[in-house]
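output the structure for:
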Amino acid sequence: MKRNIVNINESRCDGCGLCIPNCAEGALQIIDGKARLISDLFCDGLGACLGYCPQDAITIEERESEPYDERKVMDYIIKGGRNVIAAHLNHLYAHKELAYLQQAIEYLEALKIEVPMELYKSEKKIESGCPGNKATEIEVGNASIGNKENRTSMLKHWPIQLHLINPLAIHYQGADVLLAADCCAFSAGDFHSNFLAGKSLAIACPKLDSGKEIYLKKLSSMVEEANIKSLTVMIMEVPCCRGLLQLAQQAINLSGKTIPLKVIMLSIRGEVLMEEEI
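Below you'll find the model as predicted:
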């Protein structure tokens, strides 16, 4: 499948770094005086970095990049030399993409290319873009506040907003996913204990959020490439909320796969009005 990916013209790039903080996924870094795309995995192809390059060195190109293949990415990465390889490994390590990290190491070992292990195993984390977008695992049960009952968080990761997430992040790989409308957690007092427990979460508002085509692509990637086991869509009783279920159905159809799909509808008082398999 073809999709849009950032392309950097090295002859134009002067290494100013203005593009770096404007890449929400942290896919760009300055290495050896040039902006580099560290991994296709973290480039959403939306081009948020384009307008910040004073040299017009960044463009978007359409090329084959799906399904994601770490070994194909490494074909590109090794051309940049040891520092680019190290930055890529650091990037995977910082985002806890350990399965892809292992594939990258095996690739290098097969070609007898030095693995800069001391770099990616260090405690230094690569920070770029907004800190709030950084993929983070959360130990369930450690987020309890006070001594009152039902206050233990079942959230296993961050971020959770559908625009901000990486659909191929490790916490979505082979997971049971809950796609919830924004208002659901405020309506259902037992949201964490009865609905979120054991699931990876993504949230969105089908009425107010822009970029529905982005949502469709991300959900499709979850099904097709992250191989999620099931998808539960939680919506409110208001008519506009049904758009989230429609996005989920379209994404599954687009992926070409069949997975269990459940819908849960809540009243504005948090009561379960409907719960059924689609």
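
which residue comes closest to E70 once chain neighbours are left out?
Q103 (4.1 Å; C-beta to C-beta, 6 or more residues apart in numbering). From N, CA and C alone the C-beta is placed, and that goes for glycine too.

helix, strand or coil: sort out the one you found for me.
Put simply, Q103 is helix when judged by DSSP: H, G, I helix; E, B strand; the rest coil.

secondary structure element holding the spatially most central residue of the chain?
Central residue check for the chain by C-alpha atoms, centre = their mean: the C-alpha nearest the mean position is that of N166, 0.5 Å away. Using DSSP states H and E, N166 sits in no helix or strand.

so which bits of the helix or strand harbouring H91 are buried?
Element membership for H91 (DSSP H and E) is helix 82-94. By 16 or more other C-beta atoms under 10 Å, the buried positions in helix 82-94 come out as 84-94.

quick check: mean pLDDT across that helix?
The pLDDT scores in helix 82-94 average 79.

let's see that helix as CSV, backbone CA atoms only.
Taking C-alpha atoms only, helix 82-94 is exported to CSV below (Å, rounded to 0.1, in the frame of the first residue of the first chain):
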residue,chain,number,x,y,z
ARG,A,82,26.6,4.6,12.3
ASN,A,83,25.1,7.8,13.8
VAL,A,84,21.9,7.4,11.9
ILE,A,85,21.7,3.8,12.9
ALA,A,86,22.3,4.7,16.6
ALA,A,87,19.6,7.4,16.4
HIS,A,88,17.1,5.0,15.0
LEU,A,89,17.8,2.4,17.7
ASN,A,90,17.5,5.1,20.3
HIS,A,91,14.2,6.2,18.8
LEU,A,92,12.7,2.7,18.9
TYR,A,93,14.0,2.2,22.5
ALA,A,94,12.7,5.6,23.7
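
tell me where the stretch 101-250 of the chain has strands.
Listed in chain order, the strands of the stretch 101-250 of the chain (DSSP state E, counting those that start in this stretch) span 136-137, 157-158, 176-181, 200-204, 230-236.

which other residues reach the third one?
Defining contact as C-beta atoms under 8 Å, 6 or more residues apart in numbering, one finds that strand 176-181 is touched by 162, 191, 195-196, 198-206, 219, 222, 228-236, 241, 244, 248.

could you rerun that using 7 Å?
With contact meaning C-beta atoms under 7 Å, 6 or more residues apart in numbering, strand 176-181 is reached by 195-196, 198-206, 222, 228-236, 241, 244, 248.

same deal with the last one?
The contact list for strand 230-236 (C-beta under 7 Å, 6+ apart) reads 176-181, 183-184, 187, 195, 199, 241-242, 244-245, 248, 259-266, 268.

same deal with the fourth one?
Outside strand 200-204, the residues that touch it by C-beta under 7 Å, 6+ apart are 155-157, 160-162, 165, 171-172, 175, 177-182, 215, 244.

filter those residues down to the buried ones, ChimeraX style.
In ChimeraX, a selection of the buried entries from the contacts of strand 200-204 looks like this (16+ other C-beta under 10 Å):
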select :155,156,157,160,161,162,165,171,172,175,177,178,179,180,181,182,215,244
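
make JSON lines from the buried residues of helix 82-94 and add distance to G51 to it.
Converted to JSON lines, the buried residues of helix 82-94 look like this (distance: C-beta to C-beta, whole Å):
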{"residue": "V84", "distance to G51": "25"}
{"residue": "I85", "distance to G51": "30"}
{"residue": "A86", "distance to G51": "29"}
{"residue": "A87", "distance to G51": "24"}
{"residue": "H88", "distance to G51": "26"}
{"residue": "L89", "distance to G51": "30"}
{"residue": "N90", "distance to G51": "27"}
{"residue": "H91", "distance to G51": "23"}
{"residue": "L92", "distance to G51": "28"}
{"residue": "Y93", "distance to G51": "30"}
{"residue": "A94", "distance to G51": "26"}
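
closest to N253 out of those?
Nearest to N253 out of the buried residues of helix 82-94 is L92 (C-beta to C-beta; 31.0 Å).

so the closest one touches L101, yeah?
Yes - L92 is in contact with L101 according to C-beta atoms under 7 Å; the separation is 4.2 Å.

contact partners for I30?
15, 17, 20.

helix/strand/coil for the second one?
At G17, secondary structure determined by three-state DSSP is coil.

just the pLDDT for it.
G17 is given a pLDDT of 89.

so what's it closest to, chain neighbours aside?
In space, G17 is closest to I30, 5.0 Å off (C-beta to C-beta, 6+ apart).

that concludes my questions; thank you for your assistance.
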